[in-house]
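1. Any chance you could fold what I've pasted below:
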Amino acid sequence: MTPGRILVVDDDPWIQRIVARTLGQRGHQVTLAGDAPGAFAIASKTRPNLIVTAVALPAVNGWSWWERLRALPACAEIPLVFLLSELDASSEIRGAGPRDQRLKKPFRMEDLDRLVVSILGDGAVNTLIGLQAAEPAPEVKPSAGHRPLSALRGRIDEIGLSGVLGMLEMERKTGILLIEREDASARLFLRKGHVIRADCDRPRLSGATAVYEALSWRSGSFDLLIGDIGGIDEIQTATTYLLLEAARRVDEREEQLRVANPESKI
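-> This is a model prediction of the structure:
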């Protein structure tokens, strides 16, 4: 497949990161936007070959941002892949065209990859909107809504998450701590060093329980993305308590295993 210019629009830095990484590994030139005005500004200037966008974004001048974009003759034929939440999946998407595709969250990267291939196809990138392959895309800064900056990364087996969270609390950092291992991932949302929200995809958990699960992992990687975090504090628990409770749960789990398997070494 010929590489293309793809714009990824989502206000979730996690979605941005994994989609950009997957498509970038395929050789595509990926641009990110975190809000509707930024997406419109970027797409109208660069005219991407394909747009991957969330549906739940604010309107632009009363229109969905992609309707406003497609009102421009030069951008009328750009195909879109809509990333659907549970609410989006049960309603019609205003302004969707016959060539557009839908992908329900949470989705597998393999499914997104197949959609991109089916839309762009071999050699379709250069002819889709009448641009020459040699024409460079204008340099455009990401929208104001997209400000993730990786400030800290490492391995859990080298630096424990409890130590990382303790340091982030002292430094009063704000952003998203992404924790990944081969079979699962978790996100801890921090505001001024305090974990205000958290979720884990396997097992599917949220809140303090997701924090305890992530703190029990002994292998994997972590990556801190600096950026503003909105919303209410859903956990409302001090980091110190979260760390102590996580340690207590690990000890309790290991004790249960010792009782169940007295001959095993844990």
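2. quick one: contacts of the helix or strand containing Thr240?
-> Assigned by DSSP states H and E, Thr240 belongs to helix 239-260. Contacts to helix 239-260, defined as Cβ atoms under 8 Å, 6 or more residues apart in numbering, come from residues 162, 165-166, 169, 193-195, 208, 211-212, 215-216, 235, 264, 266. C-beta coordinates here come from the backbone N, C-alpha and C atoms, glycine included.
3. buried residues in it?
-> The neighbour-count check on helix 239-260 (16 or more other Cβ atoms under 10 Å) flags Thr239, Leu242, Leu243, Ala246 as buried.
4. Kindly report the same for stretch 181-195.
-> Buried-residue list, stretch 181-195, by 16+ other Cβ under 10 Å: Ala184, Ser185, Ala186, Arg187, Leu188, Phe189, Leu190, Arg191, Gly193, His194, Val195.
5. who's in contact with the fifth one?
-> Leu188 sits next to Leu165, Ile176, Leu177, Ile179, Val195, Arg197, Ala198, Ala210, Val211, Ala214 when contact means Cβ under 8 Å, 6+ apart.
6. Export the helix or strand hosting it to PDB, keeping only CA atoms.
-> In this assignment (DSSP H and E), Leu188 forms part of strand 184-191. Extracted in PDB, the C-alpha atoms of strand 184-191 (Å, rounded to 0.1, in the frame of the first residue of the first chain):
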ATOM      1  CA  ALA A 184      -2.900  -5.400  29.000                       C
ATOM      2  CA  SER A 185      -2.600  -1.600  29.400                       C
ATOM      3  CA  ALA A 186      -3.800   1.000  31.900                       C
ATOM      4  CA  ARG A 187      -4.000   4.800  32.100                       C
ATOM      5  CA  LEU A 188      -3.700   6.900  35.200                       C
ATOM      6  CA  PHE A 189      -4.800  10.500  34.900                       C
ATOM      7  CA  LEU A 190      -2.900  12.900  37.100                       C
ATOM      8  CA  ARG A 191      -3.600  16.400  38.200                       C
END
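7. and the angle from it to helix 239-260?
-> Orientation check (axes from the mean of the first three to the mean of the last three Cα atoms, to 10 degrees): strand 184-191 against helix 239-260 gives 150 degrees.
8. Sheet partners, orientation included, of strand 184-191?
-> With DSSP bridges as the test, strand 184-191 is paired with strand 175-181 (antiparallel), strand 194-201 (antiparallel).
9. For Thr22, state which of the buried residues of stretch 181-195 is nearest.
-> For those, the residue nearest Thr22 by Cβ to Cβ is Ser185; the value is 13.7 Å.
10. Return the helix or strand in this structure with minimum mean pLDDT.
-> Lowest by mean pLDDT, DSSP states H and E among the helices and strands of the chain is helix 86-89, with a mean of 69.
11. Output the buried residues of helix 239-260 in TSV, with pLDDT and distance to Asp113 appended to each entry.
-> Converted to TSV, the buried residues of helix 239-260 look like this (pLDDT from 0 to 100; distance: Cβ to Cβ, whole Å):
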residue	pLDDT	distance to Asp113
Thr239	90	38
Leu242	93	36
Leu243	91	38
Ala246	90	36
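12. Take those and lay them out in a markdown table including distance to Gly95.
-> Shown next, in a markdown table, are the buried residues of helix 239-260 (distance: Cβ to Cβ, whole Å):
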| residue | distance to Gly95 |
| --- | --- |
| Thr239 | 44 |
| Leu242 | 43 |
| Leu243 | 47 |
| Ala246 | 46 |
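13. measure stretch 51-65 end to end?
-> 12 Å (Cα to Cα, to the nearest Å).
14. Now do the buried residues in it.
-> Ile51, Val52, Thr53, Ala54, Val55, Leu57, Val60, Trp63, Ser64, Trp65.
15. among the residues you listed, which two are most distant?
-> Maximum distance among the buried residues of stretch 51-65 (Cβ to Cβ): 19.4 Å, for Val52 and Trp63.
16. Would you mind pulling up the elements that the least confident helix or strand of the chain packs against?
-> Packing partners of helix 86-89 (3 or more Cβ pairs under 8 Å, 6 or more residues apart in numbering; DSSP states H and E): strand 101-104.
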